[in-house]
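Student: quick one, what's the 3D model for this:
(one chain, ligands or ions: 1)
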Amino acid sequence: MKNNILVIGGTGKTGRRVTENLTQSGHNVRVVGRKTNPVFDWKNPDTYDNALKNMDRAYIVYYPDLAVPGSRDAIKLLTEKALKAGLEKVVLLSGKGETEAEACEEIVANSGLNYTLVRASWFNQNFSEGAFLEFILNGTVALPMPEAEIPFVDVNDIADVVSKVIIDDMYNGQTITVTGPQKRTFKEVVEIMAEASNKQIQFVPISIDEFKDGMRKAGLPDSYVWLFGYLFKEVLGNPDNQEVSDDVAKVLGRPAKDFETFAKQTAATGIWNQSIAQSL
Ligand SMILES: NC(=O)c1ccc[n+]([C@@H]2O[C@H](COP(=O)([O-])OP(=O)(O)OC[C@H]3O[C@@H](n4cnc5c(N)ncnc54)[C@H](OP(=O)(O)O)[C@@H]3O)[C@@H](O)[C@H]2O)c1
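Tutor: Alright, predicted model coming up:
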């Protein structure tokens, strides 16, 4: 059956791929964000109703992160409005190991809507489409938590999982934990990217405070500085958060993509050998 599916954050890393998958499968997809028509802005609840109108299901990507103050109220209001608008099911993208995100998961679970929670570990694509791309282009990756072993996940795997569970009601009420197949430290992934792109990239371990100082000097807002500090400390600071899950393979019937394959495929696009000016 073809569904009308709302994709909040549909121009972002996971939403764009979910939109492609669902459109290819013949579903009617409405992508919303701050520049779309209808417009959807998490900070403006007056925009929620138009986005939800006539939709059957929704993929919810909160921005910048479910850990930030205000996320709970926004998720509560959105799910209340979704229920009133007659949606059947929502899929929430959440963060693995984030206590704050779990409060939002609970709101979705108690909303009265059918739901699936997709809990993701840190994305491979943070190095190719996200906050860390500039470090790779500069050839120096200065990050805290050098001892943390992180089961980086590929956003294509997240999108494939979301595209399946949003349609298949077998996954209703479930929490799917999406990780890559192995844990890697920052130093290891930097070495893998350097080799794949045939480029000198060095990893420099720094403290969380040094990282936050760098963000402040770069003019980033306090809320982002706080968020990165929280993510490094809370998510990467607890080894229990970093377990590898086989949920990607269970849902998709194929293994999750490893970091080496991501690095080879990304290097082949040439993105890591661009100048910073070209990447903007
Ligand atoms: N990166 C990671 O390693 C990681 C790991 C686990 C979980 N997550 C979660 O992933 C989510 C981010 O997903 P993503 O990486 O797919 O997205 P993304 O690439 O960061 O893109 C953000 C999307 O949200 C939209 N957006 C930004 N501000 C908005 C606002 N005020 N109202 C409505 N839409 C807004 C953007 O579109 P416009 O700018 O056009 O509005 C864009 O479509 C976060 O909730 C984060 O917690 C990330």
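Student: okay, CA-based contacts and neighbour counts for the rest of this
Tutor: OK.
Student: hang on, Gly112 packs against Lys84?
Tutor: No. At 10.3 Å, Gly112 does not count as touching Lys84 under the criterion of C-alpha atoms under 8 Å.
Student: now the strands for the chain?
Tutor: 4-8, 28-32, 57-60, 89-95, 114-120, 140-143, 175-178, 202-205 (DSSP state E).
Student: check Lys96 and give its pLDDT.
Tutor: pLDDT for Lys96: 89.
Student: okay, now it: neighbour count?
Tutor: Number of residues near Lys96 (other C-alpha atoms under 10 Å) recorded here: 21.
Student: hmm, Glu105 and it touching each other?
Tutor: No. In terms of C-alpha under 8 Å, Lys96 does not count as a neighbour of Glu105; the distance is 11.2 Å.
Student: now the strands of the chain in TSV, with distance to Pro38 and mean neighbour count?
Tutor: Putting the strands of the chain into TSV (distance: least, C-alpha to C-alpha, whole Å; neighbours: other C-alpha atoms under 10 Å) gives the following:
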stretch	distance to Pro38	mean neighbour count
strand 4-8	11	25
strand 28-32	7	20
strand 57-60	15	24
strand 89-95	19	25
strand 114-120	24	24
strand 140-143	39	19
strand 175-178	30	24
strand 202-205	43	16
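Student: output the set of residues of the stretch 101-250 of the chain in proximity to the ligand.
Tutor: Contacts of the stretch 101-250 of the chain with the ligand, taken as C-alpha under 6 Å from any ligand atom, map to 120-123, 126.
Student: show me the longest helix that occurs in this protein.
Tutor: Scanning the chain for the helix with the most residues, using DSSP state H, yields helix 71-84.
Student: buried stuff in that helix?
Tutor: Judged by neighbour count using 16 or more other C-alpha atoms under 10 Å, the buried positions of helix 71-84 are 71-72, 74-76, 78-83.
Student: looking at the residues you listed, which is nearest Phe135?
Tutor: Proximity of the buried residues of helix 71-84 to Phe135 (C-alpha to C-alpha) peaks at Ser71, which lies at 28.8 Å.
Student: per-residue pLDDT of that closest one, please?
Tutor: 96.
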